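1. Next one to model:
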Amino acid sequence: MSQELPFDPFPFISDPHRQTILSSLINFFFDPSSEQIVVDLPDSDKLSLEISTPDGWKPTDLTVIMVHGLCGSHRSPYLVRMVKRLKPLGIRTVRLNLRGCGSGKGIAKQMYHSGRSDDIFEAIKVLKAQTPDSPFVLIGFSLGGNIVLKMGGELGAMGKEFLAGLIAISPPVDLYSSVIMLGKPENSIYERYFIRMMRADVHYRHRKFKDLPRIKLPRDMKIRDFDQIYTAPQYGFRNADDYYNKCSAATVISEISVPCKILLAEDDPIISATSLDAFALPKCVDVFKTKQGGHMGYLGNPTDGKGLYWLDALLMDWIVGFN
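-> Presented below is the predicted three-dimensional model:
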């Protein structure tokens with residue numbers, strides 16, 4: 001059972017596509033200062049974390065770890081904005097770059113994908129070893145949302161040892177349904193963008209690491225084609241459907257044991273807001289839905305009290321509530 005949240009869009013941009021696109025373009029903030037930490041993974045690849053620690057932060061104070069979405073990085077506007085909001089409150093932030101993203105470009109031979117929950121857990125273990133008494137809140141955005149929910153479910157009861165709270169914004173917990181939605185003609189702008197970025201990333205890595213074979217990817221691919229041609233065979237899945245089935249968080253969310261909040265918009269053009277309706281969820285997992293907002297858009301009416309960046313204000317309330 002989900003709960004409805006009131007959201008009043010910015011005047012004249014209530015359309016989900018305008019919300020989605022404009023929210024990714026409107027950014028009034030520069031990349032905040034941070035310290036890079038490189039995490040060694042069991043398969044010899046590496047992750048890059050960007051840590052912003054406020055003056056006076058103590059090892060018992062709160063840490064918020066954030067994971068970006070598909071083709072994003074620590075420089076994604078929604079992560080940058082949250083650092084700017086959290087730092088004045090004395091909250092340390094960790095922007096986790098998935099394999100090969102952001103400041104981690106060129107240090108990971110393999111590519112990230114929707115199921116790499118183990119990578120997130122490896123980073124959390126490193127951070128927890130350094131500051132064992134700091135409560136951790138983990139937030140995943142879009143694709144990052146699926147990954148963190150998958151990790152939370154896989155950890156089960158052990159999750160309480162590492163996390164004080166878990167948040168997922170617009171997560172594609174049913175990967176197959178999201179791929180189908182992306183393939184619709186009205187959503188072609190998103191699919192073309194993602195394919196262009198992913199092709200460029202693949203070609204960069206295959207040039208950078210000389211032991212990787214040269215590869216040619218069709219220019220007119222769909223997301224499903226990319227996963228069938230590249231993702232599945234590269235990372236041990238039988239085919240694209242096997243990849244989607246094994247990496248969708250929906251099947252393990254019922255095992256989450258820490259307080260968890262999930263936000264979905266009913267007009268999201270690429271994520272189904274009904275993807276969790278058929279699942280029995282534990283009491284610690286709360287699903288919230290808005291009528292509008294697009295995909296991680298949530299540009300709100302400045303007069304409603306939460307300002308233009310409605311999502312950021314909501315996240316602040318949720319984060320403080322976990323602490």
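2. Let's verify Val64: helix, strand, or coil?
-> Under DSSP: H, G, I helix; E, B strand; the rest coil, Val64 falls in the strand class.
3. Might you report the residue contacts of it?
-> Counting by C-beta atoms under 8 Å, 6 or more residues apart in numbering, Val64 makes contact with Met82, Leu86, Ile91, Arg92, Thr93, Val94, Phe136, Val137, Leu138, Ile139, Ile319. (C-beta placed from N, C-alpha, C; glycine too.)
4. Take those residues and keep only those in helices.
-> Using DSSP state H, the subset of the contacts of Val64 located in helices is Met82, Leu86, Ile319.
5. Need the buried ones from those selected in PyMOL.
-> Selection of buried members from those for PyMOL, criterion 16 or more other C-beta atoms under 10 Å:
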select buried, resi 82+86+319
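6. so which of the ones in helices among the contacts of Val64 comes closest to Gly69?
-> When these are ranked by distance to Gly69 (C-beta to C-beta), Met82 comes first, at 13.5 Å.
7. Okay, helices next: where are they in the stretch 101-250 of the chain?
-> 117-130, 143-155, 175-182, 188-208, 223-226, 232-234, 240-247 (DSSP state H, counting those that start in this stretch).
8. So for Val67, which of these sits nearest?
-> helix 143-155 (3.3 Å).
9. what angle do the closest one and helix 175-182 make?
-> Angle, helix 143-155 to helix 175-182, by axes from the mean of the first three to the mean of the last three C-alpha atoms, to 10 degrees: 170 degrees.
10. Between helix 117-130 and helix 143-155, find me the angle.
-> Using the same axes, to 10 degrees: helix 143-155 against helix 117-130 is 70 degrees.
11. Which residue ranges of the protein form strands?
-> Listed in chain order, the strands of the chain (DSSP state E) span 2-4, 35-40, 46-52, 63-67, 92-97, 136-141, 165-169, 260-265, 285-290.
12. From the ones in helices among the contacts of Val64, pick the one nearest Ser44.
-> Nearest member of these to Ser44, counting by C-beta to C-beta, is Met82, at 31.1 Å.
13. how close does that closest one sit to Ile319?
-> Using C-beta to C-beta, to the nearest Å, one gets 9 Å for the distance from Met82 to Ile319.
14. Ile229 too?
-> Applying C-beta to C-beta, the value for Ile229 to Ile319 is 40 Å.
15. in the protein, which segments are predicted with low confidence?
-> 1, 27-29 (pLDDT under 70).
16. And stretch 50-64, how far out from the chain middle?
-> 21 Å (C-alpha atoms, centre = their mean, to the nearest Å).
17. Distance check, the nearest residue to Ile319 once chain neighbours are set aside against Ala108.
-> Setting aside the residues directly before and after it, Ile319 is nearest to Val137 in space (C-beta to C-beta, 6 or more residues apart in numbering), at 5.5 Å. Computed as C-beta to C-beta, the Val137 to Ala108 distance reads 25 Å.
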